[in-house]
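A.B. asks: My questions concern the predicted model and sequence given below.
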Amino acid sequence: MEEISNEAKAVLEEDTALSRKATLYLCHRHSGRKLKEIGSYFGIG
């Protein structure tokens, strides 16, 4: 997930809501991890 997050930040502006949402979506779509794991990684829920 770290690699996906870093790539998304490189393409999008780092501190925008769109960047965060896109990063969460890409991690969910391409990491194979459960939403609970992704949420824990990003400090959500």
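C.D. replies: Arrived safely, thanks for sending. In this text the structure is predicted, and so the values were computed from the model without any measurement.

A.B. asks: Look up the closest residue to L18, ignoring the ones flanking it.
C.D. replies: Beyond its immediate neighbours in the sequence, the residue positioned closest to L18 (Cβ to Cβ, 6 or more residues apart in numbering) is L12, lying 6.4 Å away. Where you see a C-beta, it was placed from the backbone N, CA and C, and this is true even at glycine.

A.B. asks: How many residues are close by the nearest residue to H28 once chain neighbours are set aside?
C.D. replies: Excluding its sequence neighbours, the residue lying closest to H28 (Cβ to Cβ, 6+ apart) is I38, at 5.9 Å. Using other Cβ atoms under 10 Å, the number of residues around I38 comes to 20.

A.B. asks: can you give me the strands in the chain?
C.D. replies: Counting by DSSP state E, the chain forms no strands at all.

A.B. asks: how about the helices in it?
C.D. replies: Here the chain has its helices, by DSSP state H, at 2-11, 17-30, 35-42.

A.B. asks: For the residue nearest to L35 when sequence neighbours are not counted, report the pLDDT, please.
C.D. replies: Excluding its sequence neighbours, the residue lying closest to L35 (Cβ to Cβ, 6+ apart) is H28, at 6.3 Å. Taken from the predicted model, the pLDDT recorded for H28 is 95.

A.B. asks: How about S19?
C.D. replies: The predicted structure lists S19 with a pLDDT of 85.

A.B. asks: okay, now the closest residue to it other than its chain neighbours: neighbour count?
C.D. replies: Nearest non-adjacent residue to S19, counting by Cβ to Cβ, 6+ apart: L12, 4.1 Å away. Neighbour count for L12, taken as other Cβ under 10 Å: 15.
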